[in-house]
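> kindly generate the corresponding structure for this input.
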Amino acid sequence: MVKRKQYSPELKTKVALAAIRGDGKIAELAQKYGLHPNMITKWKKEAVDGMKDSFGKKGKKDPGLETEVKTLHAKIGELVVERDFLVKAFDQ
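Numbers count the residues shown, from 1 in each chain. Next up, the predicted model:
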């Protein structure tokens, strides 16, 4: 049984960026890096799709994050009141 070859994320990124930039034709890049041209095309597509997703989520906020921030602000308020009370108690 032949085990599939695993490629590092660094290599995938390097090759995909080279393909996006147009540093050479896909066939030339495949020969340079010792990969199949279909693999480079797949990595390039994945990279472009990933960029679309990262730019698309810019305006959307996570509602769970907002509730967590409110909870943390409330906890900070409680700790400030507790600290002020203890400072007054020890000064007497």
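
> how many neighbours does the nearest residue to Ala30 once chain neighbours are set aside have?
Of all residues not flanking Ala30 in the chain, Pro37 sits nearest, at 4.4 Å (C-beta to C-beta, 6 or more residues apart in numbering). Just so you know, the C-beta spots here come from the backbone N, C-alpha and C atoms, and that holds for glycine as well. Pro37: 15 surrounding residues under other C-beta atoms under 10 Å.

> pLDDT score for Pro37?
Per-residue pLDDT puts Pro37 at 95.

> contacting residues for it?
26-27, 29-30 (C-beta atoms under 8 Å, 6 or more residues apart in numbering).

> just how off-centre is the helix or strand that contains Asn38 within its chain?
Assessed by DSSP states H and E, Asn38 sits inside helix 37-56. Helix 37-56 has its C-alpha centroid displaced from the chain centroid by 14 Å (C-alpha atoms, centre = their mean, to the nearest Å).

> buried set for the helix or strand just after it?
Using DSSP H and E, the next helix or strand after helix 37-56 towards the C-terminus is helix 63-91. By neighbour count with 16 or more other C-beta atoms under 10 Å, helix 63-91 contains no buried residues.
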